[in-house]
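Just to be clear, the model below is a prediction. Sequence and coordinates:
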Amino acid sequence: MATSDPSNGGSAGGGNVEEILQTETGGRAASGYAAVILFVVPLVWSLFQLWIASPLPFILDFGIFNSTEARSIHLAFAVFLAFASFPMIRGRHVNKVPFYDWVLALVAAFCASYLYVFYEELSTRPGAPITQDLWVALIGLVLLLEATRRSLGLPLTIVAAVFITYSIAGPYMPDVIAHKGVSLSKLASHQWLGTEGVFGVALGVSTSFVFLFVLFGALLERAGAGNYFIKVAYAMLGHMRGGPAKAAVVSSGLSGVISGSSIANVVTTGTFTIPLMKRVGFPATKAGAVEVAASTNGQLTPPIMGAAAFLMVEYVGISYLEVIKHAILPALISYVALIYIVHLEACKLNMQGIERLNKPTLAQRMLNWVVILIGLIVVTLAVYYGIGWMKTLLGEAAIWVLAPLLVLVYVALVGYATRFPELEEDDPNKDMGELPPVGPTVKTGLYFLLPVVVLVWCLTVERFSPQLSAFWATLFMIFIVITQRPLKAFFRKHGDFGRLTLDGFFDLAHSLATGARNMVGIGVATATAGIVVGTVTLTGIGLVMTAFVEFLSGGNLLLMLIFTAVISLILGMGLPTTANYIVVSTLMAPVIVTLGAQNGLIVPLIAVHLFVFYFGILADDTPPVGLAAYAAAAISGADPIRTGVQGFTYDIRTAILPFMFIFNTQLLLIGLTGWFDLLVTIFSAVTAMLVFSAATQGFWFTKNYKWETLLLLLITFTMFRPGYWWDMIYPPTEDRPGVQVMEYVEDIPADQPIILKASGMNIDGDEVSTYVRLPIPAGETPEQRLMEAGLELSPDGDKMVVDFVAFGSPAERVGIQFGWTIDAVQVELPRPPKELMFIPALLLLGLLAYGQLRRRAREETMGQTA
């Protein structure tokens, strides 16, 4: 999506939208030679990213870049475009690039590419930089901070500057956070000349994963998929109460899946959805707030989540498929709840749906849904098993059959789409008419789903890396962008075939340039956030933070989580989600895991990272800064603060989810024992979220009394965390003496964990006591199984002494150290299932529903008599 100069006409609202969107797309609307450069450089950047993601360099044995070289070139493009695209002073030089900005852009690009240009020389002097290296590093750091200020504003720049200052001024800091300090030479070398700081994991993820997914989204948007998703959502949901608002939720969710940016999502889909909601009776504030809440949640939704989700792959050490698995249920629950909130708002305002042509009966609608569901299941099974059979039959040659078959399916779907009229973009100024028919609307763009299917297939079935999966999906999307127009002209037998083919290549070039410009902010943000990560490894502030936060929270895990959520929201008001996630997860994630273990709660690392991820995203609509709320308010004409407050009240349902899945990891699909357990978890979580929505909206079947709201909140808590009450009646575990560990190790299945209470002196000389979850490999005897886990023990009274911990073993990774003692082994006790708590909760919910329905009937009767 291209930006334009806000001052060049248009409404004030539109200008504000463009100004807010600058951080997403690259700010200047330059002309002349500058416009050419600002088109060609992003285009070349996209081609470079496609090249390094493809198998071609290895096939041709040419143009192979290692990860450090690729990161260096990636950042060089990003900082060059940051200086060329964003003016030094906002609002000045918006149509031209001054000479000094070109100089700064070239110097910054040189400093960033220094690791690539002088890679061999730098590898011969690790840790011993020469004067030239240090000057480049220091100038590079300063210019990176300026690029960050220009493209993302002051907050992230200030955070990075504070951490740099902390590195140098360690001895002068308060005692609680003081350290010995580092020299300017050591700082520059660590942050710029290696892979611990700027060129670390965060920039690596931006280089390898994130760019291709952003490019994939830009290609889909250019091809018309965004408009298609909006139209489909309206056609399917517009007839319901508050239908346009529900359609806004679904279309924003679909668009968010492919864009991964809440602000860009608000501006693209909100341009159509917000006026539509206003036309059917939603107040401007609520129309903007619904769009904000829906767009914010787009970043939470797999398979293409916000950029920070790809960082979890590196930080948590799991595959992207695992991230998707853990994130899918909370995202779906949150979206179902938002649709329900919109329904409750429509009920409050007594809205009706929009009339549909040839309205089907209830029986016809149910039959249609059944046919669609069965059809999808049949197609899915046929594709899955059919492709599996072909791969088995043809082996390595299967790709030469499957690729043409995919192209054939695409051509057939495009031909099928031409039987129906092209979808027109909605005009916000027109009166709300009748809804488009569902069938023809859906059929006009079925081929847009193929690249998403390719992406999901590569990720989930082929188990390709996110980078390779995104590459193949993007390559197919490029093919669609080039060919869809001429193919439609061919099937319709009219249109200039040659011109339409050229238009396809123009669309491709525009998409490649737009995708790269959309990456400027993310590339710069991940590099700058790397300064924070580098500071943690350079100064050891991570250990200091553990002690400091434990002191503030008094050892209480819930207070620790609230503290972390507040930090995420505050930082997220000024930092992009990706940078916010890097900063907070680097500092706080280890603290939460450590503190939880000391309190007997083993918190999976992915749960903590998702916790930080959620609150970083929620900051986009948190007053007083929430940029997504400002973008929505600029379109709706409402007050941005009120829009943000209303949006946050809608998003409270999302804010409680992270707290719930920390204490009930089944919501992340962790610890489930089978399909029945999964279905019970889904049912309880969805029910809890719908009940919570009714409580926070103060309305269910009718307006709630205060005591009804309190009971609904109690039911919500019970459905989300039944173990809280059940544990009071039936304790889930019991600590047995550590000397009994051998008998439990003997009986535990292979590769299943055992929970041990261990204590001893840590590296700082402090006595600690903590719980650890140690996986136990297979073995003939308990002693041998423990040895496989890297642990040798000997009895000492009712405890076991740690005689040996193997380097790099599971025992060392969970934190057990030589000389510690195993004080206890945690044993699960037999007890009735905690899900029995659902029965009284559902009975109470039924009584509340009965009472509200009777009250609503009385109110309706009184209204009729009046």
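Noted; the coordinates are in hand.

So, low pLDDT: which residues of the stretch 551-700 of the chain?
555, 572-577, 598-600, 620-627 (pLDDT under 70).

what residues are up against Ile139?
Contact partners of Ile139, counting by C-beta atoms under 8 Å, 6 or more residues apart in numbering, are 107, 111. C-beta here means a position set from N, CA and C on the backbone, and glycine is covered the same way.

For it, which three-state class applies?
With DSSP: H, G, I helix; E, B strand; the rest coil as the basis, Ile139 sits in helix.

Let me know the pLDDT of it.
Ile139 is assigned a pLDDT of 94 by the prediction.

What of Ala473?
Reading off the model, Ala473 has pLDDT 88.

Figure out the helix or strand that it lives in.
Here Ala473, judged by DSSP states H and E, is contained in helix 466-492.

what comes into contact with whichever helix or strand comes after that helix?
Counting by DSSP H and E, the next helix or strand C-terminal to helix 466-492 is helix 497-518. Applying C-beta under 8 Å, 6+ apart, the contact partners of helix 497-518 are 1-2, 24-26, 38-39, 41-43, 45-47, 49, 77, 81, 85, 211, 214-219, 221-223, 261, 264, 478, 481-486, 489-490.

which intervals of the stretch 701-850 of the chain have sub-threshold pLDDT?
764.

so where do the helices sit in it?
706-720, 723-729, 741-747, 782-788, 810-813, 838-865 (DSSP state H, counting those that start in this stretch).

And the ones you listed: which comes nearest Val117?
With C-beta to C-beta as the measure, helix 810-813 is the member of those nearest Val117 (38.0 Å).

Report the distance from the closest one to the chain centre.
30 Å (C-alpha atoms, centre = their mean, to the nearest Å).

For it, which helices and strands make contact with it?
strand 767-776 (3 or more C-beta pairs under 8 Å, 6 or more residues apart in numbering; DSSP states H and E).

List the buried residues of the helix holding Ala473.
Neighbour counts using 16 or more other C-beta atoms under 10 Å place 466-491 of helix 466-492 among the buried residues.

do the same with stretch 594-606
For stretch 594-606, using 16+ other C-beta under 10 Å, the buried residues are 594-597, 599, 602-606.

Could you do stretch 387-401 as well?
Buried-residue list, stretch 387-401, by 16+ other C-beta under 10 Å: 387, 390-391, 398.

related to what we said a few turns ago, export the buried residues of stretch 594-606 to CSV and tack on distance to Arg419 and secondary structure?
What follows is these, written out as CSV (distance: C-beta to C-beta, whole Å; DSSP: H, G, I helix; E, B strand; the rest coil):
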residue, distance to Arg419, secondary structure
Thr594, 61, helix
Leu595, 61, helix
Gly596, 58, helix
Ala597, 61, helix
Asn599, 63, coil
Ile602, 57, coil
Val603, 54, coil
Pro604, 50, coil
Leu605, 51, helix
Ile606, 46, helix
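
and these, which two are the farthest apart?
Farthest apart among these by C-beta to C-beta are Asn599 and Ile606. That separation is 19.2 Å.

Dump stretch 438-456 to PDB, restricted to CA.
Provided in PDB are the C-alpha atoms of stretch 438-456 (Å, rounded to 0.1, in the frame of the first residue of the first chain):
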ATOM      1  CA  VAL A 438     -22.900 -15.400  -0.800                       C
ATOM      2  CA  GLY A 439     -22.200 -18.000  -3.500                       C
ATOM      3  CA  PRO A 440     -21.000 -15.800  -6.400                       C
ATOM      4  CA  THR A 441     -19.100 -13.500  -4.000                       C
ATOM      5  CA  VAL A 442     -17.100 -16.500  -2.500                       C
ATOM      6  CA  LYS A 443     -16.500 -18.000  -6.000                       C
ATOM      7  CA  THR A 444     -14.900 -14.900  -7.500                       C
ATOM      8  CA  GLY A 445     -11.700 -15.300  -5.500                       C
ATOM      9  CA  LEU A 446     -11.300 -18.900  -4.400                       C
ATOM     10  CA  TYR A 447      -7.900 -18.900  -6.100                       C
ATOM     11  CA  PHE A 448      -6.700 -16.400  -3.500                       C
ATOM     12  CA  LEU A 449      -6.800 -19.200  -1.000                       C
ATOM     13  CA  LEU A 450      -4.300 -21.400  -2.900                       C
ATOM     14  CA  PRO A 451      -1.100 -19.500  -1.800                       C
ATOM     15  CA  VAL A 452      -2.300 -19.600   1.800                       C
ATOM     16  CA  VAL A 453      -2.900 -23.400   1.400                       C
ATOM     17  CA  VAL A 454       0.600 -23.800   0.000                       C
ATOM     18  CA  LEU A 455       2.000 -21.800   2.900                       C
ATOM     19  CA  VAL A 456       0.100 -23.900   5.500                       C
END
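
List the buried residues of it.
So for stretch 438-456, counting by 16+ other C-beta under 10 Å, buried means 438, 441-442, 444-448, 450-452, 454-456.

and which of the residues you listed is nearest Thr165?
Leu455 (42.6 Å).

show me where the protein has strands.
733-737, 752-761, 767-776, 791-796, 799-805, 821-828 (DSSP state E).

can those go into JSON lines with extra columns for distance to Trp707 and mean neighbour count?
Formatted as JSON lines, these follow (distance: least, C-beta to C-beta, whole Å; neighbours: other C-beta atoms under 10 Å):
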{"stretch": "strand 733-737", "distance to Trp707": "36", "mean neighbour count": "14"}
{"stretch": "strand 752-761", "distance to Trp707": "41", "mean neighbour count": "18"}
{"stretch": "strand 767-776", "distance to Trp707": "40", "mean neighbour count": "17"}
{"stretch": "strand 791-796", "distance to Trp707": "54", "mean neighbour count": "17"}
{"stretch": "strand 799-805", "distance to Trp707": "51", "mean neighbour count": "18"}
{"stretch": "strand 821-828", "distance to Trp707": "38", "mean neighbour count": "19"}
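
So for Gln299, which of these sits nearest?
With C-beta to C-beta, the closest approach to Gln299 among the strands of the chain belongs to strand 767-776: 30.0 Å.

Listing request: residues of the stretch 301-450 of the chain with sub-threshold pLDDT.
In the stretch 301-450 of the chain (pLDDT under 70), the answer is 304, 306-308, 352-362, 364-366, 368-369, 372, 376, 425-434.
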